[in-house]
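# Below is the sequence, then the predicted model.
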Amino acid sequence: MHAGMALGGSMLALGHAMAQALGGRYGLPHGAMNALALPPALRFNAEVAPDAVRRFGDALGTDDPAARVEELARLGGFERLRDFGVPEEELADLAEAAAGRPGNQANPRPATSSEIHALLQSIY
């Protein structure tokens, strides 16, 4: 319970759920998957948790934290899911898996599998 609350409060909840689904299925690096999944999760949550997203942006020294995380991910060599060999035809299954993860359930705005599919497409 406390872990779910911590993830929800950290704004990592949805991004972490997507990263877990990706890493678990394909054995991909957890940090790289979080780096790719966090920007769309931040954008998804911005409407319902604007203060938290703004504070995260302040900590990063930017008005656009999602874009800054994307920039940092690129510096680490992480750009698109396709670069990691994730098959596009499996994104819907991954979205379903991520939707059921505790991190998504702890998200300020739990995402449906179709919403997560769209988020995964955005980073494909």
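Received the coordinates, thanks.
# where exactly do the helices run in the protein?
Remark: helices assigned in the chain by DSSP state H are 2-10, 13-26, 30-45, 50-60, 65-75, 91-99, 102-106, 113-122.
# Tell me the helices and strands packed up against the longest one.
So the one you mean is helix 30-45. Contact analysis of helix 30-45 by 3 or more CB pairs under 8 Å, 6 or more residues apart in numbering; DSSP states H and E lists helix 13-26, helix 50-60, helix 65-75, helix 113-122 as its packing neighbours. (Each C-beta comes from the backbone N, C-alpha and C, glycine too.)
# got the buried residues for the shortest one?
Applying a neighbour-count criterion of 16 or more other CB atoms under 10 Å, the buried positions in helix 113-122 are 113, 115-117, 119-120.
# List just the nearest of the residues you listed to Thr62.
Leu119 (20.6 Å; CB to CB).
# circling back: Phe44: which of the buried residues of helix 113-122 is nearest?
Leu119 (6.2 Å).
# Could you give the backbone dihedrals for Ile123?
phi -110, psi 10 (degrees, to the nearest 10).
# Perfect, that will be all.
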